[in-house]
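S.K.: A predicted structure for the sequence below; I have some questions about it.
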There are 2 protein chains.
Amino acid sequence: MGDFMLYTSTENNKIKEIKKLNNKKYRDETGLFLVEGEHLVKEAINADLIKTLIIESGYFFENIKNIEIIEVSSSVLKYISSLDTPQPIMGICYKKSSEVIGNRILVLDNIQDPGNLGTIIRSSVAFNVDTIVLSQDSVDLYNSKVIRASQGMLFHINIIEKELKSFIKDLKRDGYNIISTDVKKGKSLKELVKKEKVVIIMGNEGNGVRKDLIDLADDFLYIKMNNDCESLNVAIATSIILYEFDK
Amino acid sequence: MGDFMLYTSTENNKIKEIKKLNNKKYRDETGLFLVEGEHLVKEAINADLIKTLIIESGYFFENIKNIEIIEVSSSVLKYISSLDTPQPIMGICYKKSSEVIGNRILVLDNIQDPGNLGTIIRSSVAFNVDTIVLSQDSVDLYNSKVIRASQGMLFHINIIEKELKSFIKDLKRDGYNIISTDVKKGKSLKELVKKEKVVIIMGNEGNGVRKDLIDLADDFLYIKMNNDCESLNVAIATSIILYEFDK
């Protein structure tokens, strides 16, 4: 590395501020979040959302113009990291979202498991979703487990947080076909006619989609399955539906 | 509950033996494993694979003929349990597998994440897989996280462990169509002609299917996706493929 400031004390204020990014409250206040490991840092750089690189002293990483770089000792790295085995490179990133939402919208009502949300983001990029809309009671998008499970795909898709009921009403007025899942009165996924402007609503792991959102739906669908199985994991069900819509 | 033996000491030998079922080595030796919570216990009872019910003192659970029941104090329950918040009912279950394997086989080569394996089991039941074949280096099927992620579906499907190379050779000789995933030379999943006797091979989270198994495949397939996304989570990819084959 070059001549960068080397931080060796966990008592340093700048280091303490960085560590605070592991808490949602501080991420919300600053509009920043952390990613860990070379793969995620590269995705953040490509998305032009990196603010600061944090590199373990002695680790080689190509020099990048116009990005602040700070070197830290391994004990400082361990202090900042949310991982049992910290990676030698981390990044502080800017949050970003756009109000341009596109034609294919995935609405997630109160997803709680970070692995599920991350996996859904990954599948949403794979199957060309334009925007993911999270309810305000969802697990935080910038939770480190969500970011890891997304495999960095959160940098490739627009993700916004909304009060869902009024937002879905707006989308309905704009001509979107609002689709919810329902085991009892749904059409089979394979039979559903896909419209151009589509909103797919997926619900909480235990409780499904909340009633006042179901009431807004134009169509319902279900995934045909063996009777021994009550339901699929929500990330699986979402991915299969997105796969079918991506034609 | 009735007049059952109440265990209040974690020093009791029987209790120590039960706790040891949290270790794979002891599960392998005894052919037994633990499930936690009423939902999984009921699935085990329905599958006729329950040996002993372990119930927290004071918890009501219907009396079941011919099943040993032991009552434990909450401290003993906490000692046995693998959960941060133990459930008031657990079961000791018999492992079971059959050599009758059916027409639709899913082979899993070195799946390491317990959540992925459990979710794949759940989707396999949903989409009518007859038998899941695990490589000997896979995460243990009776790991508590696998069982939880399967939502008890491991009681509804035949699951066996095999040395994969020789087993797939046998299946090939028996006329099964051996299918592996391959991003480079595969056919699109939507185009593949489905045969009656099918073996689908899915690979490790990071490395995919090992080369000497790929060499045994008759057909290759891939799931068409956006270029921004290198790959899907293995449980997602497996579930989408099983969904397509279930027609």
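M.R.: Looks like it arrived, so ask away. Numbering: from 1, shown residues only, chains lettered A, B, ... in the order given.
S.K.: When you work out contacts or count neighbours from here on, use the C-alpha atoms and nothing else.
M.R.: Noted.
S.K.: Give me every residue in chain A lying close to chain B.
M.R.: For chain A, the contact set with chain B under CA under 8 Å from any CA of the partner chain comprises A:119, A:122-123, A:125-128, A:153, A:156, A:225-229, A:231-233, A:235-236, A:239-240, A:243.
S.K.: Weed out the non-buried ones from the residues you listed.
M.R.: For the residues of chain A next to chain B, a burial check counting by 16 or more other CA atoms under 10 Å in any protein chain shown picks out A:119, A:122-123, A:125-128, A:153, A:156, A:225-226, A:229, A:231-233, A:235-236, A:239-240, A:243.
S.K.: Domain parsing of chain A, as residue ranges.
M.R.: Structural domains of chain A, as assigned by automatic domain parsing, span the residue ranges A:6-94, A:104-245.
S.K.: Can I get stretch A:226-234 as PDB, trimmed to CA atoms?
M.R.: Listed next in PDB are the C-alpha coordinates belonging to stretch A:226-234 (Å, rounded to 0.1, in the frame of the first residue of the first chain):
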ATOM      1  CA  ASN A 226     -47.500 -32.400  -3.200                       C
ATOM      2  CA  ASN A 227     -50.000 -32.400  -0.400                       C
ATOM      3  CA  ASP A 228     -47.400 -33.700   2.100                       C
ATOM      4  CA  CYS A 229     -45.800 -30.300   1.900                       C
ATOM      5  CA  GLU A 230     -47.800 -27.300   3.300                       C
ATOM      6  CA  SER A 231     -45.600 -24.600   1.900                       C
ATOM      7  CA  LEU A 232     -42.300 -23.700   0.400                       C
ATOM      8  CA  ASN A 233     -39.600 -21.500   1.900                       C
ATOM      9  CA  VAL A 234     -40.400 -17.900   1.000                       C
END
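S.K.: Which residues does that stretch contact?
M.R.: Residues lying outside stretch A:226-234 but in contact with it, judged by CA atoms under 8 Å, 6 or more residues apart in numbering or on different chains, are A:116, A:202-205, B:119, B:122-123, B:125-128, B:153, B:156.
S.K.: Please narrow those to those residing in strands.
M.R.: Those of those mapping onto strands are A:Met202, per DSSP state E.
S.K.: got the contacts of stretch A:226-234 as JSON lines, with distance to A:Asn12 columns?
M.R.: Rendered in JSON lines, the data for these read as follows (distance: CA to CA, whole Å):
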{"residue": "A:Asn116", "distance to A:Asn12": "36"}
{"residue": "A:Met202", "distance to A:Asn12": "44"}
{"residue": "A:Gly203", "distance to A:Asn12": "43"}
{"residue": "A:Asn204", "distance to A:Asn12": "41"}
{"residue": "A:Glu205", "distance to A:Asn12": "41"}
{"residue": "B:Thr119", "distance to A:Asn12": "44"}
{"residue": "B:Arg122", "distance to A:Asn12": "48"}
{"residue": "B:Ser123", "distance to A:Asn12": "49"}
{"residue": "B:Val125", "distance to A:Asn12": "54"}
{"residue": "B:Ala126", "distance to A:Asn12": "54"}
{"residue": "B:Phe127", "distance to A:Asn12": "55"}
{"residue": "B:Asn128", "distance to A:Asn12": "58"}
{"residue": "B:Met153", "distance to A:Asn12": "51"}
{"residue": "B:His156", "distance to A:Asn12": "56"}
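S.K.: where exactly do the helices run in chain A?
M.R.: Residue ranges of the helices in chain A, as given by DSSP state H, are A:13-19, A:24-30, A:38-46, A:74-80, A:114-126, A:144-149, A:164-173, A:211-214, A:234-245.
S.K.: Any chance of JSON lines for those, columns distance to B:Leu213 and mean pLDDT?
M.R.: Rendered in JSON lines, the data for the helices of chain A read as follows (distance: least, CA to CA, whole Å; pLDDT from 0 to 100):
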{"stretch": "helix A:13-19", "distance to B:Leu213": "45", "mean pLDDT": "96"}
{"stretch": "helix A:24-30", "distance to B:Leu213": "45", "mean pLDDT": "95"}
{"stretch": "helix A:38-46", "distance to B:Leu213": "28", "mean pLDDT": "93"}
{"stretch": "helix A:74-80", "distance to B:Leu213": "40", "mean pLDDT": "96"}
{"stretch": "helix A:114-126", "distance to B:Leu213": "26", "mean pLDDT": "97"}
{"stretch": "helix A:144-149", "distance to B:Leu213": "27", "mean pLDDT": "96"}
{"stretch": "helix A:164-173", "distance to B:Leu213": "47", "mean pLDDT": "97"}
{"stretch": "helix A:211-214", "distance to B:Leu213": "46", "mean pLDDT": "94"}
{"stretch": "helix A:234-245", "distance to B:Leu213": "26", "mean pLDDT": "96"}
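S.K.: Tell me which of these is the most buried.
M.R.: Highest mean neighbour count among the helices of chain A (mean count of other CA atoms under 10 Å in any protein chain shown): helix A:114-126, with a mean of 26.
S.K.: C-alpha coordinates for it, PDB please?
M.R.: Coordinates of the C-alpha atoms in helix A:114-126 are reproduced here as PDB (Å, rounded to 0.1, in the frame of the first residue of the first chain):
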ATOM      1  CA  PRO A 114     -31.800 -12.000   6.500                       C
ATOM      2  CA  GLY A 115     -30.800 -15.100   4.500                       C
ATOM      3  CA  ASN A 116     -34.200 -15.100   2.800                       C
ATOM      4  CA  LEU A 117     -34.000 -11.400   1.900                       C
ATOM      5  CA  GLY A 118     -30.500 -11.700   0.600                       C
ATOM      6  CA  THR A 119     -31.300 -14.800  -1.500                       C
ATOM      7  CA  ILE A 120     -34.500 -13.100  -2.900                       C
ATOM      8  CA  ILE A 121     -32.400 -10.100  -3.900                       C
ATOM      9  CA  ARG A 122     -30.000 -12.400  -5.700                       C
ATOM     10  CA  SER A 123     -32.800 -14.200  -7.600                       C
ATOM     11  CA  SER A 124     -34.500 -10.900  -8.400                       C
ATOM     12  CA  VAL A 125     -31.400  -9.700 -10.300                       C
ATOM     13  CA  ALA A 126     -31.200 -13.100 -12.000                       C
END
